[in-house]
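Q: Sequence first, then the predicted structure:
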Amino acid sequence: MNFFRRKRAEPPVMTLEGILGPNSRLDEAAAISVAGPEAITVTADGELLVSAGRMVHALSRWGEVLRPWGQFDRPVSALAASEGGLVAVGLSGGGICVHDMSGQPLDWVVPAETVQAADLLFVSESELAVVDHGYGPERDVLSLAPWDDTRRGKVWSVPREGTHRALAGDLHCPAGICRDGGGEVIVTEMEAARAITLSGAVRRAGFPAYVGRIRKIDGGYLLCGLSRRDPLIEFLKTEKDFVAEMKATIEPRHWISPRTTPEFSHDFPIELGATRLFGAVKPWAPSFSYGLLITLDEDLMPVGSAQSRADGRRHAICDATVWNGDVIAVSRASGEILNLGPKEGGR
């Protein structure tokens with residue numbers, strides 16, 4: 001007779017050691033300053049598009065000056081480009097605009113139920129897949145998601161003509177979408193730190209970050225880390241009473257949660273621990289923000305990384321791609337697009 005039920009073991013969380021050992025590649029990278037960057041994509045004719053608030057800028061070659069590509073009535077939340085030359089722009093609050101190669105807007109059906117387009121993928125030249133994490137634009141998703149059990153996320157099929165439909169639902173804060181080498185769609189869940197299929201099958205779990213967008217590249221993927229997974233946060237998930245009191249009595253800005261920016265203040269949890277000799281912040285100091293871009297192989301196993309540690313400022317890597325042979329990443333915290341140079345198999 002069984003007197004207890006064995007709990008199914010979850011995959012162990014990967015640690016930042018070995019192939020993921022700490023480095024300063026993000027802090028050492030060449031950069032272009034952009035006010036409020038959020039998303040990037042490479043168009044069919046090879047231009048890099050960069051969102052910055054309500055603007056989308058274009059860049060033909062690294063080192064040139066960004067030039068305006070389009071301006072919108074709301075902040076841009078996501079970008080995607082098709083092989084046929086279309087460009088999709090997600091707008092804060094759930095709106096979507098699709099443009100042809102000449103920059104002219106196209107009529108496109110947008111589901112009114114979309115709360116926030118976190119990422120976009122062209123399934124075909126006449127169909128978009130839209131990742132909706134379910135949080136409104138005024139909410140700090142990164143801070144809230146670790147303490148919110150509500151599974152409000154969806155992936156929508158949005159055709160140019162016809163009826164939209166949900167490709168997947170009941171997701172916990174989906175953040176990114178891409179297709180693998182065989183054409184299957186992969187979605188990342190931020191707080192769960194995993195990559196799944198539209199059917200819910202887990203392709204890889206236990207990533208050492210609150211994961212963001214995922215991008216298919218030759219030989220594997222680029223996985224964006226909005227912050228590293230903090231042991232204190234993971235421990236407190238077992239302390240239900242403490243968490244309930246924290247949420248009831250403290251404003252979200254001061255919750256024990258991951259954050260976008262590496263700002264330090266005495267009234268933030270554990271931040272006094274980040275001050276060492278002569279007031280300098282050390283790379284290994286406790287910090288709820290972090291910069292992390294992970295290179296994955298075809299099986300979604302890490303093969304390298306670029307990092308910005310506690311003493312760095314290029315945290316919250318929210319998008320990445322390969323452009324003209326170089327890995328380009330977006331640091332939401334520092335307000336920059338970063339050029340990490342040619343893709344490498346190792347660190």
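A: Good, I have the coordinates. Numbers count the residues shown, from 1 in each chain.

Q: what's the strand or helix carrying Ile186 in contact with?
A: Secondary structure assignment for Ile186, by DSSP states H and E: strand 185-189. By Cβ atoms under 8 Å, 6 or more residues apart in numbering, the residues outside strand 185-189 that reach it are 121, 123, 129, 131, 153, 155, 167-168, 171-180, 194-198, 203, 211-214, 223, 300. For the C-beta atoms, the positions are set from N, CA and C on the backbone; glycine is no exception.

Q: Give me the buried subset of those residues.
A: Neighbour counting with 16 or more other Cβ atoms under 10 Å marks 121, 123, 129, 131, 153, 155, 167-168, 171-178, 180, 194-196, 198, 211-214, 223, 300 as buried within those.

Q: so where is this protein shaky, pLDDT-wise?
A: Along the chain, segments meeting pLDDT under 70 span 1-11, 264-279, 344-347.

Q: okay, which residue is most central for it?
A: Centroid-nearest residue in the chain, with Cα atoms, centre = their mean: Gly212, separated by 2.1 Å.

Q: I figured it hits Cys318, correct?
A: Yes. Gly212 is within contact range of Cys318, at 5.3 Å (criterion: Cβ atoms under 8 Å).

Q: As a check, name the ranges of all strands in the stretch 1-150 of the chain.
A: Remark: strands assigned in the stretch 1-150 of the chain by DSSP state E, counting those that start in this stretch are 30-33, 37-42, 48-52, 55-59, 67-71, 76-81, 87-91, 96-99, 105-106, 117-124, 127-132.

Q: which residue packs closest to Arg179, ignoring adjacent ones?
A: Leaving out its chain neighbours, the residue that sits closest to Arg179 by Cβ to Cβ, 6 or more residues apart in numbering is Val185, at 5.7 Å.

Q: Can you report how many residues lie near the one you found?
A: Using other Cβ atoms under 10 Å, Val185 has 18 other residues around it.

Q: Pull the contacting residues for the residue nearest to the centre of the chain.
A: Contacts of Gly212 by Cβ under 8 Å, 6+ apart are Ala175, Gly176, Thr188, Met190, Leu223, Cys224, Gly225, Leu226, Ile317, Cys318, Asp319.

Q: before we move on, what about Thr114?
A: Residues near Thr114 by Cβ under 8 Å, 6+ apart: Gly94, Gly95, Ile96, Val130, Asp132, Trp156.

Q: tell me which element the last one falls in.
A: For Trp156, the enclosing helix or strand under DSSP H and E is strand 153-159.

Q: Pull the residues that contact that strand.
A: For strand 153-159, the external contacting residues (Cβ under 8 Å, 6+ apart) are 96, 108-111, 113-114, 123, 126-134, 164-174, 177, 185, 187, 189, 198.

Q: Check whether Glu125 really touches Val87, as I assumed.
A: No. With contact defined as Cβ under 8 Å, Glu125 and Val87 do not form a contacting pair (11.9 Å).

Q: Those two: who's more crowded?
A: Neighbour tally, Glu125 and Val87, criterion other Cβ under 10 Å: the higher count belongs to Val87, 25 against 11.

Q: The more buried one: what's it in contact with?
A: Residues in contact with Val87 (Cβ under 8 Å, 6+ apart) are Thr41, Thr43, Leu49, Leu79, Ala80, Ala81, Val98, His99.

Q: Would you reformat those as JSON lines and include neighbour count and distance to Arg160?
A: Formatted as JSON lines, the contacts of Val87 follow (neighbours: other Cβ atoms under 10 Å; distance: Cβ to Cβ, whole Å):
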{"residue": "Thr41", "neighbour count": "23", "distance to Arg160": "19"}
{"residue": "Thr43", "neighbour count": "17", "distance to Arg160": "18"}
{"residue": "Leu49", "neighbour count": "23", "distance to Arg160": "20"}
{"residue": "Leu79", "neighbour count": "24", "distance to Arg160": "18"}
{"residue": "Ala80", "neighbour count": "24", "distance to Arg160": "14"}
{"residue": "Ala81", "neighbour count": "20", "distance to Arg160": "16"}
{"residue": "Val98", "neighbour count": "21", "distance to Arg160": "7"}
{"residue": "His99", "neighbour count": "19", "distance to Arg160": "12"}
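
Q: and which of the residues you listed is nearest Arg25?
A: Proximity of those to Arg25 (Cβ to Cβ) peaks at Thr41, which lies at 22.4 Å.

Q: residue contacts, the closest one?
A: The contact partners of Thr41, taken as Cβ under 8 Å, 6+ apart, are Leu48, Leu49, Leu79, Ala80, Ala81, Val87, Thr321.

Q: what's across from it in the sheet?
A: Leu49 (DSSP bridges).

Q: quick one: contacts of the top helix by length along the chain?
A: Looking across the chain with DSSP state H, the single longest helix is helix 240-249. Identification of contacts with helix 240-249 by Cβ under 8 Å, 6+ apart yields Trp147, Leu236, Lys237, Trp255, Ile256.

Q: just to revisit the earlier point, which neighbours do Gly212 and Cys318 share?
A: Common neighbours of Gly212 and Cys318, using Cβ under 8 Å, 6+ apart, are Cys224, Leu226.

Q: how about Thr163, what does it touch?
A: Contacts of Thr163 by Cβ under 8 Å, 6+ apart are Val109.

Q: Would you confirm that it belongs to a helix?
A: No. Assigned with DSSP: H, G, I helix; E, B strand; the rest coil, Thr163 falls outside any helix and is coil.
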